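*Asks:* whatever this is, show me its structure:
(2 chains)
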There are 2 protein chains.
Amino acid sequence: MRRINKMEASEVKSHNINISPNIKNDLKRVEEKLTQIVSSGDGRLAQSSLVILEAGGKRLRPALVLISGAMKHYDLEKLMSAAIAVELIHMASLVHDDIVDGAEMRRGVPTINFTWGSHMATATGDFLFATAFVLLSKLDNSRAMDIMSQTALDLSLGELQQMETAHSLAQTIDDYLTVIRNKTATLFSASCQLGGLISGASEEDIEALKIYGENLGMAFQIFDDLLDLSGEKRSLGKPIGVDLRDGTITMPILFALEETELNSHLCRVIIKGGNSTEDEMEKAIQIIHGTKALLRTREEANKYVEKAIDTLSSISSEETRRNLLSIGYFVVDRYC
Amino acid sequence: MRRINKMEASEVKSHNINISPNIKNDLKRVEEKLTQIVSSGDGRLAQSSLVILEAGGKRLRPALVLISGAMKHYDLEKLMSAAIAVELIHMASLVHDDIVDGAEMRRGVPTINFTWGSHMATATGDFLFATAFVLLSKLDNSRAMDIMSQTALDLSLGELQQMETAHSLAQTIDDYLTVIRNKTATLFSASCQLGGLISGASEEDIEALKIYGENLGMAFQIFDDLLDLSGEKRSLGKPIGVDLRDGTITMPILFALEETELNSHLCRVIIKGGNSTEDEMEKAIQIIHGTKALLRTREEANKYVEKAIDTLSSISSEETRRNLLSIGYFVVDRYC
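*Replies:* All right, here's what the predicted structure looks like:
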């Protein structure tokens, strides 16, 4: 769970998702504008912020804003601001998470925390958060502001909960679900709601978008945590088991611990984290692969995606429904 | 400048300022509510947030909100939320600043950063920021939100500017003024504007509050930096020269460097910071005291307070004018 986007996301950007061409096109403009805003900061802030921006990302959250924003009146200017704001909040939370986790690498590049220290990472995250709220305040939509500030609060709670439980063998599936709800699902849900609100969607539609987004976010994170341990990454020549190396206990690891009744080798590797040898790590991964943990985790991710997709039937716009369906399939069907 | 509130503020709380009794009374309620909100967080967050809350503070920013909120219609419920929000933002910036500065002590108690590490300080600051924005969003006032998000942005820029210039001998008075404007004056100004906006004050009154707050904030920080080096602290048995020990170059130090044409001992102490011996530190302080630096700094603080007080003549409410005048006198006449 060393959180979302462990893959080099440039490879799996939103242009690989089957969504309407006009939205894909507008996402390119979001990207340009993001670069422009981030570069406009003070010299060193711009430098550090660009590191996290250029490291990539699928820009799924901006995509959700635009797609949901096509529900009724597609107000591109406002939707662009909202799309940029959600990505900035996401980036800010990643930068601060890297302090909390003491992470050295993210998306294949050294973290701001590792390169420049926690003082620079703190200031960069604060700058990104504040820039997002400046953009949001221009929307002149107090409900949107309420949703986003509550989301920022959930993200901060998630940061702390992860710190408290994610490395603990006493962690339960419920602890894990609480963390990923706060750290991932809430911002997915908020992105969908924000688009809906800006487009003037009905209350029913906004409620459906909220539920869709939350379930999509849960599925996304669970699948991301599965990818970290599954064979697909290895077959692409990428390292697997980053979470295990960090001592971060994710859903597949929890299932494996449960099935093996706390296999002592696996427990030792989790406790030792990065201090385990390659052989010890390899053996731990084999233990996990020898259980039904990966299969069960995929089933859980699928369950959440199904819940998300089920909600779509009550969404009134056919185009939005179709695009959100594509995102749903993408989320549990990406290999990187 | 190891920022605002180096003194143990419990000694100089707002009850020592000559302001209307009803506002003093409401400030007690703000204090109770602050404790309640901060304590309601997740266990460890509540614990760390309470440390910064209980370490004290004069609650000048909440006082400015309430005083300015009495301009026209005194809407206590909304003003309370705004007053709490500005103090939470202030607290959040202190917690994050302590990461940026690597500070070990604040207000006489160990910092969150020092006690629990930068990961806990990051999460605590994020929690306090987000809680503030949740409260602000409930005001349903997009202009207030615009002012506060812009203020959060200025605070983050100030964090970075301080990191870049505050320890550099190449720093100019303009660099120093830019940092304290972003780190202190903007939030003072925002607090005044917020109160005015909530009370439904006229545009002229809000503009006057804005200018008053900005100048008051500048004066406050300059005087705070003066107090750190003046004899008053020592006569009260408190350590002086905390900034010098941190290698943070404030206005009086800049003036002393200018007058002594970069006195080599003073420069060495600044560069060595905390690694200087007590004797070296003492000699550096004597060098500063031997110049006109303290006098010139006090004159600068007075100039800003005069500018703040000059603005009051255009404020329509007599009670607000009187209270803001008292705050002005307090800001450049406190010894702690």
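
*Asks:* OK, contacts around residue A:99?
*Replies:* The neighbours of residue A:99, taking C-beta atoms under 8 Å, 6 or more residues apart in numbering or on different chains as the test, are A:113, A:118, A:121-122, A:125, B:99, B:118-119, B:122. C-beta here means a position set from N, CA and C on the backbone, and glycine is covered the same way.

*Asks:* which one of these is nearest to residue B:285?
*Replies:* Nearest to residue B:285, judged by C-beta to C-beta, of the contacts of residue A:99 is residue B:99 at 27.8 Å.

*Asks:* make sure the closest one is indeed in a helix.
*Replies:* Yes. Counting by DSSP: H, G, I helix; E, B strand; the rest coil, residue B:99 is located in a helix.

*Asks:* model confidence for it, exactly?
*Replies:* In the prediction, the pLDDT value recorded for residue B:99 is 86.

*Asks:* how near is it to residue A:52?
*Replies:* Applying C-beta to C-beta, to the nearest Å, one obtains 18 Å for the distance of residue B:99 from residue A:52.

*Asks:* then residue A:273?
*Replies:* From residue A:273 across to residue A:52, the span is 24 Å (C-beta to C-beta).

*Asks:* what of residue A:66?
*Replies:* When residue A:66 is compared with residue A:52 (using C-beta to C-beta), they lie 21 Å apart.

*Asks:* more crowded one of the two?
*Replies:* For residue A:66 versus residue A:52, the count of surrounding residues by other C-beta atoms under 10 Å in any protein chain shown is larger for residue A:66: 31 against 25.

*Asks:* number of nearby residues for the nearest residue to residue A:171 once chain neighbours are set aside?
*Replies:* Leaving aside its sequence neighbours, residue A:171 sits nearest to residue A:165 (C-beta to C-beta, 6 or more residues apart in numbering or on different chains; 4.6 Å). Number of residues near residue A:165 (other C-beta under 10 Å) recorded here: 17.

*Asks:* so where's chain A shaky on pLDDT?
*Replies:* Under the criterion pLDDT under 70, the flagged ranges of chain A are A:1-16, A:232-238, A:335-336.

*Asks:* hey, where'd the strands end up in it?
*Replies:* A:105-106, A:109-110 (DSSP state E).

*Asks:* can you name every helix or strand that the first one contacts?
*Replies:* Yep, that's strand A:105-106 we're talking about. With contacts taken as 3 or more C-beta pairs under 8 Å, 6 or more residues apart in numbering or on different chains; DSSP states H and E, strand A:105-106 sits against no other helix or strand.

*Asks:* that strand: partners in the sheet, and parallel or antiparallel?
*Replies:* Using DSSP bridges, the neighbouring strands of strand A:105-106 in the sheet come out as strand A:109-110 (antiparallel).

*Asks:* from residue A:218, how far out is residue A:178?
*Replies:* Taken as C-beta to C-beta, the spacing of residue A:178 relative to residue A:218 amounts to 11 Å.

*Asks:* who has more neighbours out of the two?
*Replies:* Set residue A:178 next to residue A:218 and count neighbours by other C-beta under 10 Å: residue A:218 wins out with 25 against 16.

*Asks:* who touches that one in this structure?
*Replies:* With contacts defined as C-beta under 8 Å, 6+ apart, the neighbours of residue A:218 are A:177, A:180-181, A:184-185, A:304.

*Asks:* could you pull out the helices for the stretch 201-336 of chain A?
*Replies:* Here the stretch 201-336 of chain A has its helices, by DSSP state H, counting those that start in this stretch, at A:203-227, A:231-235, A:242-246, A:251-259, A:264-272, A:278-289, A:293-312, A:318-331.

*Asks:* deepest of those helices, which one?
*Replies:* Of all the helices of the stretch 201-336 of chain A, helix A:203-227 carries the top mean neighbour count, a mean of 24, counting by mean count of other C-beta atoms under 10 Å in any protein chain shown.

*Asks:* tell me the angle that helix makes with helix A:251-259.
*Replies:* Using axes from the mean of the first three to the mean of the last three C-alpha atoms, to 10 degrees, one finds that helix A:203-227 and helix A:251-259 are set 60 degrees apart in direction.

*Asks:* centre of the chain to helix A:203-227, how far?
*Replies:* When C-alpha coordinates are averaged (C-alpha atoms, centre = their mean, to the nearest Å), helix A:203-227 and its chain have centres 11 Å apart.

*Asks:* do the same with stretch A:319-336
*Replies:* 15 Å.

*Asks:* just to revisit the earlier point, next step: the contacts of residue A:99 restricted to helices.
*Replies:* Counting by DSSP state H, the members of the contacts of residue A:99 that fall within helices are A:113, A:118, A:121-122, A:125, B:99, B:118-119, B:122.

*Asks:* distance of residue A:280 relative to residue A:269?
*Replies:* Distance of residue A:280 to residue A:269, computed by C-beta to C-beta: 5 Å.

*Asks:* ignore the last one, residue A:43
*Replies:* The spacing between residue A:43 and residue A:269, counted by C-beta to C-beta, is 43 Å.

*Asks:* how close does residue A:290 get to residue A:283?
*Replies:* Residue A:290 is 10 Å from residue A:283, where distance means C-beta to C-beta.

*Asks:* burial measure for the nearest residue to residue A:204 once chain neighbours are set aside, as a count.
*Replies:* Distance criterion C-beta to C-beta, 6+ apart; nearest residue to residue A:204, sequence neighbours excluded, is residue A:314 at 6.4 Å. With neighbours defined by other C-beta under 10 Å, the count for residue A:314 comes to 14.

*Asks:* ok, so of the contacts of residue A:99, who is nearest residue B:242?
*Replies:* Nearest to residue B:242, judged by C-beta to C-beta, of the contacts of residue A:99 is residue B:99 at 17.6 Å.

*Asks:* residues contacting residue A:188?
*Replies:* A:60-61, A:64, A:213-214, A:216-217, A:220.

*Asks:* quick check: the two most widely separated of the residues you listed?
*Replies:* Comparing all pairs in these by C-beta to C-beta, the longest separation belongs to A:60 and A:214, at 14.0 Å.

*Asks:* get me the contact residues on the stretch 1-150 of chain A for chain B.
*Replies:* If contacts are counted using C-beta under 8 Å from any C-beta of the partner chain, the residues of the stretch 1-150 of chain A sitting beside chain B are A:41-42, A:44-45, A:96, A:99-102, A:118-123, A:125-127, A:129-131, A:133-134, A:136-138, A:140-142, A:145-146, A:148-150.

*Asks:* show me just the buried residues among those.
*Replies:* Buried residues within the residues of the stretch 1-150 of chain A next to chain B, counting neighbours by 16 or more other C-beta atoms under 10 Å in any protein chain shown: A:41, A:44-45, A:96, A:99-101, A:118-123, A:125-127, A:129-131, A:133-134, A:136-138, A:141-142, A:145-146, A:148-150.

*Asks:* look up how far chain B lies from the closest residue to residue A:249 other than its chain neighbours.
*Replies:* Spatial nearest neighbour of residue A:249, chain neighbours left out: residue A:171 (5.3 Å); criterion: C-beta to C-beta, 6+ apart. Residue A:171 is 15 Å from chain B, where distance means C-beta to the nearest C-beta, to the nearest Å.

*Asks:* cool, residue A:170 as well?
*Replies:* Counting by C-beta to the nearest C-beta, the gap from residue A:170 to chain B is 15 Å.

*Asks:* phi first, then psi, for that residue.
*Replies:* Geometry field for residue A:170 lists phi and psi as phi -80, psi 0, criterion degrees, to the nearest 10.
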